Every structure is written in structure tokens, then in C-alpha cells.
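1. sharing a model prediction with you, sequence too.
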Amino acid sequence: MAREKKSVTFEIQADAEEMLKYAASKYGLPDKDKALRCLLDYLFSGWGLGSNFHPGAMH
């Protein structure tokens, strides 16, 4: 089930945007925003950061 989405704005480098566009195209995603959400999901679940990732744990 999809979780609630919140609109946010932030800056990234131009080559990072191109990478997101490429990933969206390569994997049949609707847009670069979905590609970024997939990467964030991977970061939190694939690396086990979901329970350990919080501001106090950042160095």
C-alpha cells in the first residue's frame, strides 16, 4: 500500500538530475520523482536504515 506523499523542494546537482531521468527511463518509471522515491525506499529498507536513521544518529 502506498504511503502518504508530501511535496518538498530541494536542490541537487545537474548530473544527479540527469541520473534520475536516466533511471526513470531505463526502469520504466513515470518520472524522475518516482526514481528518487525508489532510491530513498532502497536507502531506508535495503540498507536497514529504517529504524536507525534519525537526526541524532547522523555524524
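-> Thanks, I have the structure now. Residues are numbered from 1 along each chain as shown.

2. where exactly do the helices run in this structure?
-> 14-26, 32-41 (DSSP state H).

3. so what does the shortest one touch, helix or strand wise?
-> Think helix 32-41. helix 14-26 (3 or more Cβ pairs under 8 Å, 6 or more residues apart in numbering; DSSP states H and E). All C-beta atoms are positioned from the backbone trio N, CA, C, and that covers glycine.

4. name the surrounding residues that touch the helix it packs on.
-> 29-32, 34-36, 38-39 (Cβ atoms under 8 Å, 6 or more residues apart in numbering).

5. where does pLDDT dip in the chain?
-> Counting by pLDDT under 70, the chain has low-confidence residues at 1, 46-59.

6. rewinding a little: winner for burial among the helices of the chain?
-> Mean neighbour count (mean count of other Cβ atoms under 10 Å) peaks for helix 32-41 among those, with a mean of 15.

7. got the contact list for that one?
-> Contacts of helix 32-41 (Cβ under 8 Å, 6+ apart): 17, 20-21, 23-24, 27, 29.

8. turn those residues into TSV, including distance to Thr9.
-> Shown next, in TSV, are the contacts of helix 32-41 (distance: Cβ to Cβ, whole Å):
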residue	distance to Thr9
Glu17	13
Leu20	15
Lys21	18
Ala23	20
Ala24	19
Tyr27	24
Leu29	20
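
9. picking that back up, for Glu4, which of the helices of the chain is the nearest?
-> helix 32-41 (12.3 Å; Cβ to Cβ).

10. now that closest one and helix 14-26, what's the angle there?
-> 100 degrees (axes from the mean of the first three to the mean of the last three Cα atoms, to 10 degrees).

11. alpha carbons of helix 32-41, in CSV - could you do that?
-> Output of helix 32-41 as CSV, limited to C-alpha atoms (Å, rounded to 0.1, in the frame of the first residue of the first chain):
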residue,chain,number,x,y,z
LYS,A,32,12.4,11.4,-12.1
ASP,A,33,10.4,12.0,-8.9
LYS,A,34,9.5,8.3,-8.8
ALA,A,35,13.1,7.4,-9.4
LEU,A,36,14.2,9.4,-6.4
ARG,A,37,11.4,7.9,-4.2
CYS,A,38,12.7,4.4,-5.2
LEU,A,39,16.2,5.3,-4.2
LEU,A,40,15.0,6.7,-0.9
ASP,A,41,13.0,3.5,-0.3
